[in-house]
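Colleague: The following block contains a protein sequence and its predicted model.
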Amino acid sequence: MTDIEKEDAGIAPGDIVQLKSYGPPMTVVSLDNDGVNAIWYDEVDGDVKTRFLPLIALEKIFIVDEDDEDDEDEDERDRKPRGKKKHR
């Protein structure tokens, strides 16, 4: 794989990828001319695993942390005044 092919794939070290046929999210550790070195946590056996995988078998993914979105909603509620104003 040439440098141009790697750039076209849009995958770089630190990116999160997944097999196109599905599988766990994996972090790209490094790339070379033949593919990608990736690392991930296997929830079934509780081990951290690494593999060398062909770039063509992977797609870049983005993980949205739903907990962070909930925290933002809570922050907004905390800033808004609650209850009714008392008139004197």
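Modeller: Great, that's in hand. Numbering: from 1, shown residues only.

Colleague: going forward, measure contacts and count neighbours with C-alpha atoms only.
Modeller: OK.

Colleague: residues in contact with Ser30?
Modeller: 12-13, 36-38 (Cα atoms under 8 Å, 6 or more residues apart in numbering).

Colleague: how near is Ile61 to Asp32?
Modeller: 20 Å (Cα to Cα, to the nearest Å).

Colleague: could you flag which of the contacts of Ser30 are buried?
Modeller: Neighbour counting by 16 or more other Cα atoms under 10 Å classes 12, 36-38 among the contacts of Ser30 as buried.

Colleague: Count the residues that sit near Glu59.
Modeller: Neighbour count for Glu59, taken as other Cα atoms under 10 Å: 16.

Colleague: which SSE is it in?
Modeller: In the assignment (DSSP states H and E), Glu59 maps to strand 58-60.

Colleague: so Ile56, which of the three states?
Modeller: Assigned with DSSP: H, G, I helix; E, B strand; the rest coil, Ile56 falls in the helix class.

Colleague: Let me see the contact set for it.
Modeller: No contacts exist for Ile56 under Cα under 8 Å, 6+ apart.

Colleague: and of the buried ones among the contacts of Ser30, the nearest to Gln18?
Modeller: Ala38 (9.7 Å; Cα to Cα).
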